[in-house]
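Participant: Following is a predicted model, sequence given first.
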Amino acid sequence: MSSPLVRLRERRDAVGAPLCLGVDPHPDHLPEQLPRTVHGVEAFARGVIEAAAEHAVAVKVNVAFFEAFGAKGWAALERVRRDVPREMLCILDAKRGDIGSTAERYAAGLLGNLDADAVTLSPYLGEDAITPFLEVPERLVFLLARTSNPSAAALQELVVDGEPLHLRVARWAAATWPGGRVGLVVGATAPRELGQLRNAVPGPAFLVPGVGTQGGDLAAAVGTCDGRWAPGVVSVSRAIAGASRGNDWQLAAAKAALELRDRMREAVLHSQTGAAERLHSGGS
């Protein structure tokens, strides 16, 4: 099988949009007919993937909603992972951050046992927390840089030597691992910072959450993942998976994913057209 970055590019060309299907199956948000148990969480996650994955380039699964159920939850997560089509990337949203043998065991579980293509990590402990995951061949990691949550700015906007911490993290990651296997998580809820980060570090792939229910800027998000940059994905969870809590929840998820894919296609075209016009103007 080809490398994750090659598959991401190929899938992106086939779909025409960088949509990533987010799977965050909170028991309180399940469709009305599903039980608020590990069985309901699994059924919902697998049903969303079945309904909507064809419109996406990747699936991002939040592992916390499975780990909360212990061994049964982990077994459910294994089955959910197997449902992700092989031509798509499976990203496990775990946000791990530890060192040494602990990091090695995290990598063995997420990238080995679950065979994920990519995982999200916290960079706060430095290279020691990242390297064990990169020792697993043909896998990607996404480091938290400028996240989409409301309180993120309290730390991530701290100024260090004249620039915000999130930009320092991004530059450090791009310089330390220039080969493309280390990407960045940058939220669409901070569009100004999103654009600044992309211009500062054009090499790493971006994982952009925050579009949809969180109100992030879709056009800005897509603009950082178009063909001018490294391949990236724009993750949408509740706006797709939570489109309906009635009996039509799978149909509603499929419809929402299709609509978002089409909106992203339009945004990609607009972004590329604008870039071409700016290039032409600058050269005239």
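Facilitator: Good, I have the coordinates.

Participant: quick check: mean pLDDT across the helix or strand hosting A107?
Facilitator: Secondary structure assignment for A107, by DSSP states H and E: helix 100-107. Mean pLDDT, helix 100-107: 97.

Participant: try stretch 7-22
Facilitator: On average, the pLDDT along stretch 7-22 is 95.

Participant: Near T213, how many other residues are there?
Facilitator: 12 (other C-beta atoms under 10 Å). Where you see a C-beta, it was placed from the backbone N, CA and C, and this is true even at glycine.

Participant: these two touch, right, it and A239?
Facilitator: Yes. Using C-beta atoms under 8 Å, T213 is in contact with A239, at 5.4 Å.

Participant: Downstream of the helix holding A107, the next helix or strand is which one?
Facilitator: Following helix 100-107 in sequence order, the next helix or strand is strand 118-121 (DSSP H and E).

Participant: how distant is the next helix or strand after that next one from the center of its chain?
Facilitator: Once the chain leaves strand 118-121, the next helix or strand it forms, by DSSP H and E, is helix 127-134. Taking C-alpha atoms, centre = their mean, to the nearest Å, one finds the center of helix 127-134 at 19 Å from the center of the full chain.

Participant: Could you list every helix and strand in contact with helix 127-134?
Facilitator: Judged by 3 or more C-beta pairs under 8 Å, 6 or more residues apart in numbering; DSSP states H and E, helix 127-134 is in contact with helix 100-107, strand 118-121, strand 140-146.

Participant: in this protein, which residue is closest to the centre?
Facilitator: Central residue of the chain (C-alpha atoms, centre = their mean): L207, 4.2 Å from the mean position.

Participant: contacting residues for that one?
Facilitator: C20, K60, I91, T120, F142, G183, L184, V185, V186, G232, V233, S235 (C-beta atoms under 8 Å, 6 or more residues apart in numbering).

Participant: wait, the fourth one sits on Y106?
Facilitator: No. In terms of C-beta under 8 Å, T120 does not count as a neighbour of Y106; the distance is 11.5 Å.

Participant: Which residues are in contact with each of those two?
Facilitator: Both T120 and Y106 are contacted by A94, R96, under the criterion C-beta under 8 Å, 6+ apart.

Participant: can you tell me how far A241 sits from E32?
Facilitator: 14 Å (C-beta to C-beta, to the nearest Å).

Participant: what's the answer for D262, then?
Facilitator: Per C-beta to C-beta, D262 is found 28 Å from E32.

Participant: now swap in L125 and tell me
Facilitator: Taking C-beta to C-beta, one finds L125 at 42 Å from E32.

Participant: Please say which of the two ends up with more neighbours.
Facilitator: Using other C-beta under 10 Å as the criterion, L125 and E32 rank with L125 on top: 14 against 9.

Participant: pLDDT score assigned to that one?
Facilitator: 97.

Participant: Report the contact partners of it.
Facilitator: So L125 contacts G97, D98, I99 (C-beta under 8 Å, 6+ apart).

Participant: give me every residue that touches the nearest residue to the second one once chain neighbours are set aside.
Facilitator: In this structure, D98 finds its nearest non-sequential neighbour in A129, 6.1 Å apart by C-beta to C-beta, 6 or more residues apart in numbering. If you count contacts by C-beta under 8 Å, 6+ apart, A129 has them with R96, G97, D98, I99, A103, L121, S122, P123.

Participant: Among those, which one sits closest to V80?
Facilitator: R96 (18.4 Å; C-beta to C-beta).

Participant: give me the number of residues near the nearest residue to that closest one once chain neighbours are set aside?
Facilitator: In space, R96 comes closest to Y106 once its chain neighbours are excluded; the distance is 4.7 Å by C-beta to C-beta, 6+ apart. Residue crowding around Y106 was assessed by other C-beta under 10 Å; the count is 20.

Participant: Any regions of the stretch 151-284 of the chain where pLDDT drops low?
Facilitator: The stretch 151-284 of the chain contains residues with pLDDT under 70 at 227, 229, 272-284.
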